[in-house]
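J.: Build me a structure from this.
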Amino acid sequence: MASAQPQTVSLHSHAMDNLRYIRETMERAGSFTAVPGWGGFAMGVSALCATAIAARQSTAEAWLWTWLAEGAFAIALGAWAMKHKADRAQVPLLSAPTRKFVLSFAPPLLVGALLTLVLYRAGLPNAIPGTWLLLYGTGVVTGGAFSVRVVPVMGLCFMLLGAIALFCPASWSTAFLAAGFGGLHLVFGAIIARRYGG
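T.: Numbers count the residues shown, from 1 in each chain. Below is the predicted model of the structure:
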């Protein structure tokens, strides 16, 4: 009887180690499920509001500041919506798939911020909308590799729109940003919300 107790503790400890390994393996292999559908939809609405404000600006600088403010607001809105969805699903926000998503999504956004400054200082503000759409789409595609299938598809749509925007007249810039950050977020946000729970 005395020898059975150490074996039980050892077996229990071994089983717990196995369960921990299985859980961590599933977490690493799992999709990022906290992509916020309704948050994306709300980002689309805010982009359409920014479109209305940007269209009324009389200078390129004021137009740019309008969109930069919208970008900061949209990032904050998306982060809040992601946390809210993760909390509702009782999934830790800083899980392995979340970290992979963020680490894949953030670099293209940082590059976009740097290129915005470079393009503006070089007197090439017309290239900024296409660059934003391309790099945002790149971030969504790379981050979406750890998410549900519709997320990278959304990223590809942003990239396509950005590529077209680079070769179109500057007067279409606001329309392209509205179609991308407004329209694509509305459409794909609604799809994600309906199919993947908010």
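
J.: before we move on, which element is the most centrally placed residue in the chain in?
T.: Per Cα atoms, centre = their mean, the C-alpha nearest to the average position across the chain is that of Val140, at 5.4 Å. Following DSSP states H and E, one finds Val140 within helix 128-144.

J.: what's the answer for Pro152, then?
T.: In this structure, Pro152 sits in helix 150-165 according to DSSP H and E.

J.: Could you list every helix and strand in contact with the helix or strand following that helix?
T.: For helix 150-165, the following helix or strand on the C-terminal side (DSSP H and E) is helix 173-177. Applying 3 or more Cβ pairs under 8 Å, 6 or more residues apart in numbering; DSSP states H and E, one finds that helix 173-177 contacts helix 37-54, helix 128-144, helix 150-165. All C-beta atoms are positioned from the backbone trio N, CA, C, and that covers glycine.

J.: how about 7 Å then?
T.: helix 37-54, helix 128-144 (3 or more Cβ pairs under 7 Å, 6 or more residues apart in numbering; DSSP states H and E).

J.: tell me the most buried of the ones you listed?
T.: helix 128-144 (a mean of 23; mean count of other Cβ atoms under 10 Å).

J.: Can you tell me what sits against that one?
T.: Contacting residues not belonging to helix 128-144 are listed as 101, 104-105, 108-109, 111-112, 115-116, 119-120, 151-152, 154-156, 158-159, 161-163, 165-166, 173, 176-177, 180 [Cβ atoms under 7 Å, 6 or more residues apart in numbering].

J.: low-scoring stretches of this structure, by residue?
T.: Along the chain, segments meeting pLDDT under 70 span 1-12, 14-16, 18-34, 97.

J.: domain ranges for it?
T.: 1-30, 32-196 (automatic domain parsing).

J.: Highest mean neighbour count out of these?
T.: For these, the highest mean count by mean count of other Cβ under 10 Å goes to domain 32-196, at a mean of 18.

J.: what's the angle from the helix holding Val140 to helix 150-165?
T.: When axes from the mean of the first three to the mean of the last three Cα atoms, to 10 degrees is applied, the directions of helix 128-144 and helix 150-165 differ by 160 degrees.

J.: how far does helix 128-144 sit from the chain's center?
T.: Mean-position distance between helix 128-144 and its chain equals 9 Å (Cα atoms, centre = their mean, to the nearest Å).
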